[in-house]
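K.L.:
with the sequence up front, the predicted model follows.
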Amino acid sequence: MKPWLIVLLLSVGVPAQRMTIGSGSRVRAEPNAQAQEVIKLGVGTVLTVTETKRVGDVEWLHVVAEAPVKVDGWMSAALSVAYDDHNRDHLALNVARQRLAAKPVWADDKDAINFLGKAMAQAQDRAVVGELALARLLLMHRSINGGTAYEEVEAWAKKTPGASFDELGGGWMVPASAYWSLHDAAKDTPVAEVIAFEAAKAPIPGECEGSLSCALSLLEYGEGRYLSLYPRGAHSAEIVERMVEALLNFVELPFDEADSAEVNKGISSLKKIIGGLEPSAQKKLLPSVARIEARGKIKR
C-alpha cells in the first residue's frame, strides 16, 4: 500500500490493515532497525496501522493488534502487505506459493503450515481450499523429511493434523491417504489433478515384505488410481514411468501359490487401467504385466 493511501485512510477514519508475509517479522519500540525488539510475528498476522513515518529509505508503520497476540510498536512496511477481507484468499495463496518455492527452513515452514491451516478454514472457494491444503501437506512432508532432529519432528508431528506415524517403518509421514482424501474433497476443481499426482507419489504406511499381491495392490492404489482418473493428465507420462519401473521390479518378486487369486485380481485391475491409456503407454507397460502372468506359478 502506498504511504499516501495509508495517510488518506487514516485521515477519513478508516484504519488501514496490513498482513505480515514472512516468519519472524520484527516489531520494534521505535521506528529504526536498532530499536528494542518488542515482538516477532508469524506469517499471516493482521495488524492495524495507526501512524506512518519515513526514516531514511525505510517506511515505518506503527501497528497495533489485540489477537492472536497483543502488538504495539513499529514495523518496516516491507514486512507486510495491504490486507482486507476481500483479498484474504489471494494473500494466503501467495504465502503458500512463495513458501513452497523458498529454501526449506524448519521454523518458517512450521509457521506457514500453521497459517495455512487457519487460512483453509476461512476460505470459501473449494479450489482455493484445495490449493492451500495441498501446500500445507507438501510443507509438512518437507518438514518431516528435512533433516531436523527426530525428537523435535515427533513433538511437532504429534499435534499436527495430517501427520501419521508408521508403526512398521518407525517414522512420521504424510501418507497417501491424506492426499487422496483431499483430492476427493477438491474433485472437479482445477487443483484436483495436481493433488492426485502428489497422492500417487506419497508414501503408504506398512511394508509388503516381498509379497507380489501386496505390491500390486499398492501400485493400483497410488500410480494406478492416478492413471484411472487422469489417463491423459498433465503428469500421466511421469506416472507411467514410475509404474514401468515398479512392474520391472515386480517380475522377480516371490509369492505364495496360495496368494495366486489375489495376484490375478491385481493383474486384472492393472490391465484394465492400462487399457485406458495412450497406445504408447500401453506398449511400455504391458510387456512386464505379461511376464508376470507367464511365470507359470500363478494358478487360475
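P.N.:
That came in fine, so what should we check first?
K.L.:
tell me where the chain has helices.
P.N.:
Per DSSP state H, the chain carries helices over the ranges 3-11, 88-101, 106-122, 126-144, 150-157, 176-185, 192-201, 212-219, 225-229, 236-250, 260-274, 279-293.
K.L.:
closest to residue 42 out of the ones you listed?
P.N.:
Residue 42 lies closest to helix 106-122 among the helices of the chain, at 4.6 Å (Cβ to Cβ). Just so you know, the C-beta spots here come from the backbone N, C-alpha and C atoms, and that holds for glycine as well.
K.L.:
quick one, the closest one and helix 126-144 angle?
P.N.:
Orientation of helix 106-122 against helix 126-144 (axes from the mean of the first three to the mean of the last three Cα atoms, to 10 degrees) gives an angle of 160 degrees.
K.L.:
which residues touch helix 106-122?
P.N.:
Contacts with helix 106-122, where a contact means Cβ atoms under 8 Å, 6 or more residues apart in numbering, come from 22-24, 42-44, 88-89, 92, 95-96, 99, 102, 129, 132-133, 135-136, 139-140, 142-143, 146, 148, 152, 156, 160-161.
K.L.:
send me that helix as PDB with only the CA atoms.
P.N.:
Extracted C-alpha coordinates of helix 106-122, given in PDB (Å, rounded to 0.1, in the frame of the first residue of the first chain):
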ATOM      1  CA  TRP A 106      12.200 -25.700   9.600                       C
ATOM      2  CA  ALA A 107      10.800 -22.700  11.700                       C
ATOM      3  CA  ASP A 108       9.500 -20.900   8.700                       C
ATOM      4  CA  ASP A 109       7.800 -24.000   7.200                       C
ATOM      5  CA  LYS A 110       6.200 -24.700  10.600                       C
ATOM      6  CA  ASP A 111       4.900 -21.200  10.800                       C
ATOM      7  CA  ALA A 112       3.500 -21.400   7.300                       C
ATOM      8  CA  ILE A 113       1.800 -24.700   8.000                       C
ATOM      9  CA  ASN A 114       0.100 -23.200  11.000                       C
ATOM     10  CA  PHE A 115      -1.100 -20.200   9.000                       C
ATOM     11  CA  LEU A 116      -2.300 -22.300   6.100                       C
ATOM     12  CA  GLY A 117      -4.400 -24.400   8.400                       C
ATOM     13  CA  LYS A 118      -6.200 -21.300   9.600                       C
ATOM     14  CA  ALA A 119      -6.500 -19.900   6.000                       C
ATOM     15  CA  MET A 120      -8.100 -23.100   4.800                       C
ATOM     16  CA  ALA A 121     -10.800 -22.800   7.500                       C
ATOM     17  CA  GLN A 122     -11.600 -19.300   6.400                       C
END
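K.L.:
mind listing what's buried in it?
P.N.:
Going by neighbour count (16 or more other Cβ atoms under 10 Å), the buried part of helix 106-122 is 106, 108-116, 119-120.
K.L.:
one more: stretch 265-283?
P.N.:
266-267, 269-270, 273-274, 277, 281-282.
K.L.:
need these in JSON lines (columns: pLDDT and distance to residue 125).
P.N.:
Below are these laid out as JSON lines (pLDDT from 0 to 100; distance: Cβ to Cβ, whole Å):
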{"residue": "266", "pLDDT": "91", "distance to residue 125": "38"}
{"residue": "267", "pLDDT": "92", "distance to residue 125": "41"}
{"residue": "269", "pLDDT": "95", "distance to residue 125": "35"}
{"residue": "270", "pLDDT": "95", "distance to residue 125": "36"}
{"residue": "273", "pLDDT": "97", "distance to residue 125": "32"}
{"residue": "274", "pLDDT": "97", "distance to residue 125": "35"}
{"residue": "277", "pLDDT": "97", "distance to residue 125": "32"}
{"residue": "281", "pLDDT": "97", "distance to residue 125": "34"}
{"residue": "282", "pLDDT": "97", "distance to residue 125": "38"}
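K.L.:
which ones are touching residue 212?
P.N.:
Taking Cβ under 8 Å, 6+ apart as the test, what residue 212 contacts is 250, 253-255, 259, 263, 266, 292.
K.L.:
name the nearest residue to it, sequence neighbours excluded.
P.N.:
Closest residue to residue 212 apart from its sequence neighbours, by Cβ to Cβ, 6 or more residues apart in numbering: residue 255 at 3.9 Å.
K.L.:
may I have the phi/psi pair for residue 36?
P.N.:
phi -60, psi 140 (degrees, to the nearest 10).
K.L.:
what's the spacing between it and residue 30?
P.N.:
Residue 36 sits 8 Å away from residue 30, going by Cβ to Cβ, to the nearest Å.
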